[in-house]
Every structure is written in structure tokens, then in C-alpha cells.
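K.L.:
The following comprises the amino acid sequence and a computationally predicted model.
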Amino acid sequence: MNRTKASSVIALSAVAVLGLSACGGGTTGNNNGDTGATGGAATAGGDLLYLTKRPAEHLDPQRMYIGRDIFTTGRTVYRSLFQFPAGEKDATKAQTPIPDIATEVPTSSDGKTWTVTLKEGVKWQDGKDVVCEDFKYGVSRAFAYDVLDGGPFQYPTQYLDIPKDKDGSPAYKGPYSKKGQALFDKAVTCKGNEITYKFNKPWGDFPLAVAGLRVFDPYREDQDKGAKNNFVIFSNGPYKLDGTWTKGKGGKFVRNDQYDPKTDEGTRQANPDTITFEEGVDESIITDRIVAGAGNDANAITDRVVRPPSYSKVEPLKDQTTLVDSPYVFYLVPNMSRVKDVNVRKALATATDNEGWVGALGGDKAAVAATSIINPSLPGFQENPIFSKIPAAGDPAAAKKILTDAGVKMPYPIKLTYQGGDPTLDKAMGVIKEGWDKAGFKTSLDPLTETYYDIVNKPNNDSDVFQGGWGSDYPSAATVIPLLFDSRQLSASQVGNNYGQYKNKAVDQAIDKAALITDPIKAGEAYSAIDKTISEDYGYIPNYIQRFYFIRGKNVTGYEQTEATSMFADLGTVGVK
Amino acid sequence: MYAYVIRRLFSGLVMLIVMSFATFLMFFNGAVDPVRYTCGKACGVPGVLERNRAMLGYDDPVPVQYAKFVKGVFVGRDFPDDPALRKSAPETIARCDAPCLGYSPKENSTVTSMLAERAPISASLAVAAFIMWIAFGVGGGIVAALYKGRWPDKLIVGTALIFYAFPTFFIGLFLYKFVAIKWELTPQPVYTAFTEDPVAWAMGLFLPGLTLALFYIAGYIRLTRSYVIEAASEDYLRTAKAKGLDKRTILWKHTMRSALTPLITLAALDFAGLLGGAIITETVFNYQGLGKLAVDAATTWDLPVTVGIVLTLSTIVILANIIVDVLYAVIDPRVKLA
């Protein structure tokens, strides 16, 4: 999930994207052999240092939408109903929710009503119990998305059984205005230590969403100051914030004496005595500091990838590095309103040189060619039969034949719009252009900066192909395919996330059917089938999966990167010597 | 003198008003919709953009937004400016006292409080750099002038030019990566507030201050050198020398007084510019000063912060100009107040 926000950032900034080293979906066969080096068994004590360039945008649980922050805080200061198991090497198990504050992960016969029982003895940092009303209040805050913007509010606001206003927004406006409060009180109810959520349609992914996002986390009403609490942490986990958090600088977590590990499922080892987060440090500086390993830098971990210029410095430190696939898939999107001939789209896909692209980004430590919009780490993933047949380096000759056979006049002009400003990305786009031009296209590159997202969102824009990047919000293709290709998000004024304005009623119907499937594997298979349909229309062209090449300090122990934390270092297992 | 100062202040005020409106127009009529930065992926949900735009007050015409902005400068504002919310959940309202320069929805903070947090960092950096460049720049320039044409002159000017030739980001990265990290000759530069630990404050400022100072030193050496040489050739100084005045008095009492006037102007303006933040140096060393804030705001389309910084920097520069003009008249009586 958290994969999520990163994807939105990706949409906003390809430059940022390339610099993003968020989660990762390391899957069998994708690791380079470095993964699994944990630095030895972790023991309690010591000071962990977390170095990063990218500041946290929000630490308010209902506003968090970046995977790194979701899982970092989830292992340290925020607990929820469910969680993903720490240190679990099996990808499927790592993405299967286990209880956190709930006594068990419940099932729902109709997928619409979910009742969860809370454990006793879980406390906030001031010693008060975490109660049902805290969970109810927490999710109510998602409805005040004008005050508390930025979070994945669309899940509770679209699923909870609350009537909609004429403009499509929920009739309940959140706990601050309290408009429609009675409607919310019917949809979420508390009875002792049992909380019941009533949805307007089946939502089999509910436990996944709870474990993979923070939007369903509890929040204490008496601590709420709205947006002013953006960097305020009121903990119920094993750590608490010492002092204040300063954006761009970071903060320090110390032990929370109100945390009782007996109430946990044993996944939060909480080994270090303190965790210091240092934000705003440039990637190359992070690498240099960890390589040098002076002082507390020997206890450092990071979410930033090693960049290609630093590869030679890092390679001798094999026992301090990991290389895994991220959950982020990058792709190209033909504008269906302009590139209407499927043969032209097929030729574009056939001529796309993803191998060259990966090379331009820095080789196999930076990326790997993608063959589907769905990340292989997601449950139920099946190989895409259309794109997996195309050579990773593309086949311009075959593409030219497709155009010739279809009687397409060449050179066929293509305007490729992307978010520019990064020389590496410009270079990679040059590779794409070269392949396409060989096939009979006349490609013009259109790098945009801040206006990119505004331009691609206009239905009448004059671009033929865009670039996009996406990661699932939680481990389900339900947060990929519907969000990117459901045509019902298109309107006269904006295209939503469906940049290519893809319209296929069969796909829309299949999306509705897949949403009713509660078994995650079967649901994943259904979405893979939809992916195949979209691929037959060449509604997108898979590009690459970003890889995470991470380095950690020589004193770091118990280091794990699994799907449970979207391939970020798991703070539930990590320790320092 | 008083009339002159009042005239300059009035013209400065007019400049600020014009600049604020122009800045407002420019940024709030841009091609980018700042509301998009409030919802990310979820912007595609029906009604979200409109609701957030209304909450931020961005749905008002720009002149109305500007009028509210100006009002806030004098009487303060509440964010969100929603009477119903103020009544039902007053704890969620952020009060921005006068002079209120706006509210950043991205940072969930008033612009004035952000500026107040960052200003000491930039000011500290400016002071550290200023001390170094004045000490080495002016001092080096005087020595070079005194040894004109001889090896100390050539060594000082040549060395300074080498540093001047390298871009600031290169010097900064070199000092950070090699001096601090690889060779561990200095502690890693981390900003500590002066009130917390004056020694750590000074130590943390050494490398960033030096980075900035090295850029300025070369210029000041050359300027000081040429001003001193020029002043030393004045007829009245030759007369003083002929009358038997000692060298020290000639240099410090007569030559430097004349040579200092243009240097003060330049130093004051450079210092004022640095108070507004040293973008590259702050970015390289991750100093959360005004320069870094300006970059972050500009790259994330945080318009209220951008406007606030532009206005603050403008105010600093305008005030510095006025102060310099007045100082000019004090130092050199030949300067008339027109």
C-alpha cells in the first residue's frame, strides 16, 4: 500500500520516482543473493539510526499514505486491528494479516459486515486503554478529508455504508463538523470491546486494507487538534516520540513504558532502545556515511537506494547490502482518444526497448524490465501472456511489420509526454524514442515539469503517450487495475488515474465481479485475467520495476526486508550490536 | 536625515505592496493547480478537489484572496477560515497572528511560524560565513595590497581565485564528503541552536560557513586590494606620508576609511542576501534554513510559503539598502543625502 502514496508521487514526479526507494516486492528469483543477510541475531539495546532524504509528509495515522512511513510507524508507535507478520520470508504469508489489537482476524459471510473483537490491556502512552471508541473515532477522521488531506480516505468513505450527496461525496463530513454524524454512527458501531463496520458492498480485502494502511487506526478524540497534529504522535506501540518531530530534520523514538508485549503477537521485537530518524540527507551522503561507518552511522539503515555512481563504493560491502524488487511498476500509457488504432499501440509496445531503459537507469541494480502492470509479488499474480512474449529489448522490425501490414502511414507521429527535469530519465526516454523511431514512428519527446499532472489530467490534451508509475495500496491487485483502468472515473473535466482514457465495458464489468471475490488468490487471478484483456487492447505498455539496492551499517542486526513492510527494513526485527 | 529615512521607508513600502501583488498574481494564476498536492492519488475521487479548494479558500478570485492576505498581515487570520468549523471544533483552527503571511496546507503550519523557525538557521549561517569572509577577504586584500606585486599578493589572490572558480555545491560536497565523512577531520555538520549548545552551534556552522565564505572571500580580497591600492594613491595620503605620519595611522585611519565605504555597501547587501537563505549550501548540508525552505516550497508548489519567502526576502533587501544608504552618509561625509 504505502506503496500507494509513493505512486501518487510518482504520478506527480517522475524525478522523485526515480529517487524513491520505497517498498519492494522481492520475489523468489528476483534477489541477487545478497538478500537474507541479516547481520546476525538481534538483541535488545543500542541506538538505531534511520537515514533518509525524503521527509515524512504526515505522521497522523489517518493521513499517512507512504509505505515507508506506514510500516515504520506501524512497527513502532501505531498499532491497528491487524498487521503483517515481521520477518516472514514466505511472500504469501508475509502479506496475510495477523491480529494486532484484534483478538483474531475475522471472516465475514457476506463481506459487508465485519465485527472485530479487541484485546484487553492495550494502552496509549498515557496509560489509558485503547478502546472501541478510539477505533471508531479514528476512521471517522477520514471523512474530514478537507481538513485532514492526503490520506487514503477513499477506502472508508467509499465502502462504509453511508449515503452519498449529489456530488458523490459522503453525507457524513467528519467529526469536526459532525454533519451526518448519525449516518456514520450506524455504519460503525461499538458494543463493549467489539467494533462492527458495515459496508455498502462486499469488501473481502478489508483485513488487508487495515493491515496495509493506517486509515483504520485508533485515534484519541481528546488528543485531536485536526491538521495541527500532523507531526504529533500519540503512541500505543513499543516506542513513543521523544520531544517533537521536525519535518526535514526528523525525531527520536524512545521506549514507551505503557506498551505490553504480551498483548502483541510477538512480531514487534522492539530491539533498539532508541530510534533516531534523520531526514533530508542526500542519497550519496547517506551511502558515504554508512560506508565510512563512523560513530552512530555504523548503526544506520536507510530507505534510499544506492545510486549508480556509488555502486563501486558499495560492492565490496556485500554483507551490508540487499537488492530486491520494489512494488513499483512503471509503464507507458497510450492516449486511447488519439492513438485509436490497436495496431499502432501494438507496434509501440513491440518496439519498446525496456532493456535499454533499464540500462539507462543504472542496470539490474536499479530496475528490471516489467511484463505486467501488476507487480509479481501480489497474491494471485499470473504472467501476462501478451507482454511476456515481447523481447525485453523490443523488436522494432516486428513493430514495423505490424504497421506495414495494417496500412499505417509512416512515419507515424507520436508525442511522448513525461515528467522531465532528470537527466537520467531524459536519457531513458531517448532509448524509447530510438526504438520507436526504428519501427516507423516519428517520436517527439515532451518533458514537462510541475505541470505534468495537470496536463495529463485534461481529457483533451494532445499527447499520444504518457508515463506513469504505480504501486498497490495494499497487497491486492484490486488497488491497481480498477484505479488505473475503470472508465467510470472519467469525466468531462478530468481523467482521474486513467491517464490513457481507457474505456472497455467488459473490463468495467469484470472489475465489479472481481471486487466480490473474497479469496485473495482467486481475486488476484481474476485481476490477472482483466490485465490480459487490457493488454489485448494494448491499453498500457509495461516498462520496468524499480529495484531497491540498500545498504545498512555494519552494526545492524536482525535486518529483514519482506513483503510485510513493502520491502522496507522491518523495524519489528532490526537491532544493533 | 530623518526626512530622507522616511522617504526611503515610504518608497520601500510601495515597492513591497507592488511586489506582493505581482507575486500573488504570478503564483496563484500559474499553470499548476496547488490543490492537487493535497490529495495525491485520491484527487480522482469525485468532489475532492472542489471540497479541498473551498476549504483552502483557493476558490475565491485572486483579488479576494489578496485582500484576505493583506488583511491577515495587519490583523491576523484563522485557517481554515470557516465559521462553522470554528464553532464546532475550535481546537482544529490554526490561528495566524499579525503579521500573518498565510498558511501552508502542505506543512500544516502558518508561514510566519515556519519563517521564524528557519530564520535563525539562515542567520547563523550568514553570520558564520560573514565573519570568515570579512576576516579572510578583507584581511587578505589588505595584505595583498601592502605586498602589491610580490609573492604574498600573488599567493593570496591566486589561491582565492581557485576557490572562486569552483561552484559552491562542489566545495560543499567536497568538505562534507571528505573533510567530515571520509577523513573525519571535523564533526558532521548538524545545526544546533545557539541557546542549546553554543559550542555545538559553532562547530556545526564551520563547514557550511566556510563553503559560503570561500565563494565570497575571493571577491572581497580582490576588491579590498584594489580599493586600498586606489585609496593609497590619493593625493591627500601622499601628503600625509610626506608630512611624516606613521604607516599604521595612514593605513587604518585614512586609507581604510576611504576604502571601506564601497566595501560596506557590498558586505551589507551580501549579508542581507544571505539572511534570506543560502539555497545551495543549506541543501548540501541539510540545514533547514530559509533557502532550503524556499527550494522545497518552489518544487512542491507550496504557494503561500513561496509568497511569504519572496516578501520576506524583499523586505530584508529593501531595508538593507536603506541602512546602507544611511551608513554611507555617516561614514563618508562627502556623500550628500539627495
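P.N.:
That came through fine. Numbers count the residues shown, from 1 in each chain, chains lettered A, B, ... in the order given.

K.L.:
Can you verify my assumption that residue A:525 contacts residue A:379?
P.N.:
No: counting by CB atoms under 8 Å, residue A:525 stays clear of residue A:379, with 9.1 Å between them. No exception for glycine: its C-beta is placed from N, CA and C like everyone else's.

K.L.:
Which of the two has more residues huddled nearby?
P.N.:
Shown here are residue A:525 and residue A:379; by other CB atoms under 10 Å in any protein chain shown, residue A:379 has more neighbours (21 against 17).

K.L.:
ok but that one is inside a helix, no?
P.N.:
No: Residue A:379: not assigned to a helix; according to DSSP: H, G, I helix; E, B strand; the rest coil it is coil.

K.L.:
Retrieve the pLDDT associated with it.
P.N.:
pLDDT recorded at residue A:379 is 89.

K.L.:
Need the mean per-residue confidence for the longest strand belonging to chain A.
P.N.:
Secondary structure of chain A read by DSSP state E shows that its longest strand is strand A:321-334. For strand A:321-334, mean pLDDT rounds to 94.

K.L.:
Can you list the strands that it pairs with?
P.N.:
Here strand A:321-334 has these sheet partners by DSSP bridges: strand A:465-470 (antiparallel), strand A:541-551 (antiparallel).

K.L.:
Low-confidence regions, the chain specifically.
P.N.:
Going with chain A. Where chain A drops to pLDDT under 70, the residues are A:1-37, A:266.

K.L.:
That was the other one, I meant chain B.
P.N.:
Along chain B, the model assigns pLDDT under 70 to residues B:1, B:41, B:329, B:331-338.

K.L.:
domain assignment for it?
P.N.:
B:2-112, B:118-299 (automatic domain parsing).

K.L.:
Do the last one and chain A come into contact?
P.N.:
Yes: legend: contact between domain B:118-299 and chain A by CB under 8 Å from any CB of the partner chain is shown at B:173, B:176-177, B:181-182, B:184, B:188, B:284, B:286, B:288, B:292, B:296, B:299.

K.L.:
In three-state terms, label the residue of the stretch 351-500 of chain A found nearest chain B for me.
P.N.:
The minimum distance from the stretch 351-500 of chain A to chain B, using CB to the nearest CB, falls at residue A:496 (3.2 Å). Of the three states, residue A:496 takes coil under three-state DSSP.

K.L.:
Pretty sure it sits against residue A:485.
P.N.:
No: using CB under 8 Å, residue A:496 is not in contact with residue A:485, being 10.5 Å away.

K.L.:
between those two, who's got more neighbours?
P.N.:
Neighbour totals were compared for residue A:496 and residue A:485, and residue A:485 leads with 26 against 20 (other CB under 10 Å).

K.L.:
what's the closest non-adjacent residue to the more buried one?
P.N.:
Excluding the flanking residues, the one nearest residue A:485 by CB to CB, 6 or more residues apart in numbering or on different chains is residue A:502, at 5.1 Å.

K.L.:
likewise residue A:143?
P.N.:
In this structure, residue A:143 finds its nearest non-sequential neighbour in residue A:174, 4.1 Å apart by CB to CB, 6+ apart.

K.L.:
Is it correct that that neighbour is in contact with residue A:139?
P.N.:
No: between residue A:174 and residue A:139 there is no contact under CB under 8 Å: 10.5 Å.

K.L.:
which residues in the stretch 1-150 of chain B form helices?
P.N.:
Using DSSP state H, counting those that start in this stretch, the helices of the stretch 1-150 of chain B run over residues B:2-28, B:48-56, B:62-75, B:83-88, B:111-133, B:139-146.

K.L.:
on that earlier part again, list the contacts for the residue of the stretch 351-500 of chain A closest to chain B?
P.N.:
By CB atoms under 8 Å, 6 or more residues apart in numbering or on different chains, residue A:496 lies in contact with A:457, A:489, A:490, B:43, B:44.

K.L.:
Would you list the phi and psi of the third one?
P.N.:
Note on residue A:490: backbone dihedrals following degrees, to the nearest 10 are phi -80, psi 140.

K.L.:
how much space between it and residue A:459?
P.N.:
Note on residue A:490: its distance to residue A:459, by CB to CB, to the nearest Å, is 7 Å.

K.L.:
what residues do the two have in common as contacts?
P.N.:
Joint contacts of residue A:490 and residue A:459 (CB under 8 Å, 6+ apart) are residue A:501.

K.L.:
Name the residue in these two with the higher neighbour count.
P.N.:
The residue with more neighbours, out of residue A:490 and residue A:459, is residue A:490; 17 against 13, by other CB under 10 Å.

K.L.:
in terms of contact, does the more buried one touch residue A:498 like I think?
P.N.:
Yes: applying CB under 8 Å, one finds residue A:490 in contact with residue A:498, separated by 5.9 Å.

K.L.:
For chain B, give me its nearest residue in the stretch 151-300 of chain A.
P.N.:
Counting by CB to the nearest CB, the stretch 151-300 of chain A gets nearest chain B through residue A:226, at 2.8 Å.

K.L.:
For that residue, list the residues it contacts.
P.N.:
A:144, A:147, A:148, A:176, B:89, B:91, B:92, B:93.

K.L.:
could you flag which of those residues are buried?
P.N.:
Buried subset of those (neighbour count, 16 or more other CB atoms under 10 Å in any protein chain shown): A:144, A:147, A:148, A:176, B:89, B:92, B:93.
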